[in-house]
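Enquirer: Turn this into a model:
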Amino acid sequence: MTPPEAPLVTDHGSQPPAALSCALTVLRQRSDFLKAASARRAPANSMLVQARRRSDDDPATGIRVGFTCSKKVGNSVARNRAKRRLREAARAVLPGHGRPGWDYVLIGRAGATVDRRFDLLLADLTDALARLHTERTPR
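Expert: Numbers count the residues shown, from 1 in each chain. Predicted coordinates:
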C-alpha cells in the first residue's frame with residue numbers, strides 16, 4: 001500500500017516522483033539558508049516558511065526552495081519523511097503561488113509535518129505563501 005502523500009505513477013516514462021519541476025531549483029548553500037532566515041517568515045500548523053526576494057545582482061533565476069528539519073522532528077527516518085512531504089508540497093504549490101526571484105525555505109515541525117493530512121499540508125503552504133506576499137503596512 002502506498003502512503004497517502006505518494007503520487008500515483010501511471011506513466012513510467014515520466015519524471016520520478018522525487019524530482020522537482022524545472023521551475024524550482026533546490027537551495028544547497030548554507031549562506032542561502034541564512035539569508036532566508038533573516039528575511040520574512042510565516043508560521044503554519046505543519047511548517048514554518050521563510051522567504052526572501054533575491055537582489056538584482058544575484059545571477060540565480062526562477063524560484064529556489066530549500067528544506068530542513070531539526071532533530072526535534074524525530075529520528076532520521078522521521079526527518080527524511082518530513083522533508084519528502086515538504087518537497088512534494090513545494091512541487092505542487094510553489095509553481096502556482098511562488099514568485100520568480102524569491103527563495104523559500106520550508107522547515108518541518110515536530111509532530112505536525114509527518115502526521116498532518118497531505119491536503120491540509122498543501123493548504124498550510126498556500127496560506128503561508130499568501131501571507132508572505134501581502135504587503136506589510138508600516139507601523
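
Enquirer: can you map out the strands along this structure?
Expert: 24-26, 40-43, 47-53, 63-68, 102-108 (DSSP state E).

Enquirer: can you redo the ones you listed as JSON lines with distance to Asp32?
Expert: For glycine as for every other residue, the C-beta is placed from the backbone atoms N, C-alpha and C. Below are these laid out as JSON lines (distance: least, C-beta to C-beta, whole Å):
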{"stretch": "strand 24-26", "distance to Asp32": "10"}
{"stretch": "strand 40-43", "distance to Asp32": "15"}
{"stretch": "strand 47-53", "distance to Asp32": "9"}
{"stretch": "strand 63-68", "distance to Asp32": "7"}
{"stretch": "strand 102-108", "distance to Asp32": "6"}
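
Enquirer: Count the neighbours of Thr134 for me.
Expert: Residues lying near Thr134 (other C-beta atoms under 10 Å) number 9.

Enquirer: actually Val77, not the one I wrote
Expert: When neighbours are counted by other C-beta under 10 Å, Val77 comes out with 9.

Enquirer: what do you get for Asp56?
Expert: When neighbours are defined as other C-beta under 10 Å, Asp56 has 6 of them.

Enquirer: separation between it and Gly66?
Expert: Distance, Asp56 to Gly66, using C-beta to C-beta, to the nearest Å: 21 Å.

Enquirer: Ok, Ala92 next?
Expert: Distance from Ala92 to Gly66, counting by C-beta to C-beta: 17 Å.

Enquirer: closest to Ala78 out of the strands of the chain?
Expert: strand 102-108 (8.8 Å; C-beta to C-beta).

Enquirer: Tell me the helices and strands packed up against the closest one.
Expert: Contacts defined by 3 or more C-beta pairs under 8 Å, 6 or more residues apart in numbering; DSSP states H and E place strand 102-108 against helix 30-37, strand 47-53, strand 63-68, helix 76-97.
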